[in-house]
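Asks: After the sequence you'll find the predicted model.
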Amino acid sequence: MSDTLKIVRTNSQNPDFISLVKQLDAYLAVTDGDEHGFYDQFNKIQNLRYVTVAYMDDFPVGCGAIKEFATDTMEVKRMFVKPEYRGKGIAGKILAELETWAFEMGYSKCVLETGKRQAEAVALYMKNGYRIIPNYGQYIGMDNSLCFEKVLEIKAK
(Lines give C-alpha, C1' and ligand atoms only; values in the text may rest on other atoms or scores of the structure.)
Protein backbone atom coordinates (compact mmCIF):
# COMPACT_ATOMS: atom_id res chain seq x y z
CA MET A 1 0.00 0.00 0.00
CA SER A 2 1.57 3.24 -1.11
CA ASP A 3 -0.79 5.61 0.73
CA THR A 4 -1.15 7.91 -2.27
CA LEU A 5 -3.73 10.59 -1.52
CA LYS A 6 -5.60 12.24 -4.38
CA ILE A 7 -8.37 14.82 -3.95
CA VAL A 8 -10.82 15.08 -6.83
CA ARG A 9 -13.18 17.98 -7.51
CA THR A 10 -16.63 16.76 -8.50
CA ASN A 11 -20.30 17.36 -7.66
CA SER A 12 -23.03 15.74 -5.57
CA GLN A 13 -23.84 13.18 -8.29
CA ASN A 14 -20.53 11.38 -7.59
CA PRO A 15 -21.38 7.87 -6.27
CA ASP A 16 -18.36 7.83 -3.93
CA PHE A 17 -19.49 11.13 -2.39
CA ILE A 18 -23.04 9.79 -1.96
CA SER A 19 -21.69 6.67 -0.23
CA LEU A 20 -19.42 8.66 2.09
CA VAL A 21 -22.28 11.00 3.04
CA LYS A 22 -24.43 8.00 4.00
CA GLN A 23 -21.65 6.92 6.39
CA LEU A 24 -21.40 10.48 7.73
CA ASP A 25 -25.15 10.64 8.34
CA ALA A 26 -25.09 7.31 10.21
CA TYR A 27 -22.26 8.64 12.41
CA LEU A 28 -24.09 11.93 13.06
CA ALA A 29 -27.36 10.14 13.89
CA VAL A 30 -25.51 8.66 16.87
CA THR A 31 -23.54 11.73 17.99
CA ASP A 32 -26.35 14.27 17.47
CA GLY A 33 -28.91 12.08 19.23
CA ASP A 34 -32.35 13.67 19.48
CA GLU A 35 -31.20 16.76 17.54
CA HIS A 36 -30.23 14.79 14.41
CA GLY A 37 -33.53 15.43 12.63
CA PHE A 38 -33.12 19.18 13.02
CA TYR A 39 -29.59 19.24 11.60
CA ASP A 40 -30.30 16.66 8.90
CA GLN A 41 -32.78 18.95 7.12
CA PHE A 42 -29.92 21.38 6.33
CA ASN A 43 -27.56 18.72 4.98
CA LYS A 44 -29.23 17.64 1.75
CA ILE A 45 -26.68 17.06 -1.00
CA GLN A 46 -28.71 16.97 -4.23
CA ASN A 47 -27.71 20.42 -5.42
CA LEU A 48 -24.11 20.66 -4.22
CA ARG A 49 -22.03 21.76 -7.20
CA TYR A 50 -18.63 21.95 -5.47
CA VAL A 51 -17.68 18.62 -3.90
CA THR A 52 -14.34 16.99 -3.18
CA VAL A 53 -13.66 13.31 -2.66
CA ALA A 54 -10.36 12.12 -1.20
CA TYR A 55 -8.97 8.84 -2.49
CA MET A 56 -6.25 6.80 -0.83
CA ASP A 57 -4.86 4.40 -3.43
CA ASP A 58 -8.04 4.92 -5.50
CA PHE A 59 -10.30 4.03 -2.53
CA PRO A 60 -12.70 6.80 -1.37
CA VAL A 61 -11.81 7.75 2.21
CA GLY A 62 -13.18 11.26 2.76
CA CYS A 63 -15.20 14.13 1.37
CA GLY A 64 -16.27 17.72 1.76
CA ALA A 65 -18.31 20.33 -0.08
CA ILE A 66 -18.89 24.06 -0.33
CA LYS A 67 -21.98 25.99 -1.30
CA GLU A 68 -22.61 29.69 -1.67
CA PHE A 69 -23.66 31.30 1.59
CA ALA A 70 -23.36 34.98 0.57
CA THR A 71 -21.90 36.83 -2.42
CA ASP A 72 -18.43 36.74 -0.84
CA THR A 73 -18.76 33.62 1.33
CA MET A 74 -18.87 29.86 0.85
CA GLU A 75 -20.23 27.49 3.52
CA VAL A 76 -18.28 24.28 4.18
CA LYS A 77 -20.59 21.24 4.30
CA ARG A 78 -20.43 17.45 4.60
CA MET A 79 -16.86 17.11 5.86
CA PHE A 80 -16.10 13.47 6.61
CA VAL A 81 -13.18 11.05 6.78
CA LYS A 82 -13.74 7.35 7.39
CA PRO A 83 -12.80 6.53 11.00
CA GLU A 84 -10.00 4.14 10.03
CA TYR A 85 -8.30 6.92 8.01
CA ARG A 86 -8.48 9.67 10.63
CA GLY A 87 -5.33 11.14 12.14
CA LYS A 88 -3.48 11.15 8.80
CA GLY A 89 -4.12 14.80 7.85
CA ILE A 90 -6.70 13.92 5.19
CA ALA A 91 -9.44 16.21 6.55
CA GLY A 92 -7.04 19.15 6.58
CA LYS A 93 -6.15 18.50 2.94
CA ILE A 94 -9.83 18.25 1.96
CA LEU A 95 -10.53 21.52 3.77
CA ALA A 96 -7.55 23.24 2.11
CA GLU A 97 -8.76 22.09 -1.32
CA LEU A 98 -12.26 23.46 -0.64
CA GLU A 99 -10.79 26.79 0.51
CA THR A 100 -8.58 26.99 -2.59
CA TRP A 101 -11.56 26.25 -4.83
CA ALA A 102 -13.66 28.93 -3.11
CA PHE A 103 -10.82 31.45 -3.45
CA GLU A 104 -10.35 30.61 -7.13
CA MET A 105 -14.03 31.40 -7.70
CA GLY A 106 -13.63 34.82 -6.05
CA TYR A 107 -14.96 34.12 -2.55
CA SER A 108 -13.12 35.76 0.34
CA LYS A 109 -14.49 33.81 3.31
CA CYS A 110 -15.66 30.38 4.40
CA VAL A 111 -18.13 29.74 7.21
CA LEU A 112 -19.32 26.49 8.70
CA GLU A 113 -21.26 24.92 11.52
CA THR A 114 -20.34 21.86 13.51
CA GLY A 115 -21.66 20.29 16.67
CA LYS A 116 -19.98 20.88 20.02
CA ARG A 117 -19.91 17.08 20.44
CA GLN A 118 -17.73 16.75 17.30
CA ALA A 119 -14.48 17.32 19.19
CA GLU A 120 -12.29 16.20 16.28
CA ALA A 121 -14.05 18.58 13.89
CA VAL A 122 -13.75 21.52 16.28
CA ALA A 123 -10.02 20.81 16.67
CA LEU A 124 -9.59 20.52 12.88
CA TYR A 125 -11.18 23.89 12.20
CA MET A 126 -9.27 25.67 14.99
CA LYS A 127 -5.98 24.15 13.75
CA ASN A 128 -6.74 25.38 10.23
CA GLY A 129 -7.32 29.02 11.14
CA TYR A 130 -11.07 29.15 11.68
CA ARG A 131 -12.39 31.32 14.48
CA ILE A 132 -15.64 30.91 16.38
CA ILE A 133 -18.35 33.40 15.39
CA PRO A 134 -21.90 33.91 16.65
CA ASN A 135 -24.25 31.21 15.37
CA TYR A 136 -25.82 32.19 12.06
CA GLY A 137 -29.04 31.41 10.24
CA GLN A 138 -30.81 28.25 11.32
CA TYR A 139 -28.17 27.62 14.02
CA ILE A 140 -29.09 30.69 16.10
CA GLY A 141 -30.25 29.45 19.48
CA MET A 142 -28.95 25.89 18.95
CA ASP A 143 -26.93 25.07 22.05
CA ASN A 144 -25.07 22.20 20.37
CA SER A 145 -23.92 24.29 17.39
CA LEU A 146 -20.59 26.05 16.97
CA CYS A 147 -20.15 28.33 13.96
CA PHE A 148 -16.78 29.27 12.47
CA GLU A 149 -15.38 31.68 9.91
CA LYS A 150 -12.09 31.99 8.03
CA VAL A 151 -10.92 34.78 5.75
CA LEU A 152 -9.31 33.22 2.68
CA GLU A 153 -5.87 34.34 1.55
CA ILE A 154 -3.62 33.55 -1.37
CA LYS A 155 -1.49 30.54 -0.47
CA ALA A 156 2.20 30.84 -1.34
CA LYS A 157 3.28 27.98 -3.59
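Replies: Nice, I can see it.
Asks: where along the chain do the helices fall?
Replies: Secondary structure of the chain, counting by DSSP state H: helices at 15-32, 36-40, 90-104, 119-127.
Asks: Show me how far the first one is from its chain's centre.
Replies: What it means is helix 15-32. Put simply, helix 15-32 sits 12 Å off its chain's centre (CA atoms, centre = their mean, to the nearest Å).
Asks: Could you tell me the angle between it and helix 119-127?
Replies: 110 degrees (axes from the mean of the first three to the mean of the last three CA atoms, to 10 degrees).
Asks: buried ones in helix 15-32?
Replies: For helix 15-32, burial by neighbour count (16 or more other CB atoms under 10 Å) applies to Asp16, Phe17, Leu20, Val21, Leu24, Asp25, Leu28, Asp32. All C-beta atoms are positioned from the backbone trio N, CA, C, and that covers glycine.
Asks: if we take those, which one ends up nearest to Gly141?
Replies: Gly141 lies nearest to Asp32 out of those, by CB to CB, at 16.0 Å.
Asks: Tell me the confidence at the closest one?
Replies: Here, the pLDDT recorded for Asp32 equals 56.
Asks: likewise Gln138?
Replies: Per-residue pLDDT puts Gln138 at 88.
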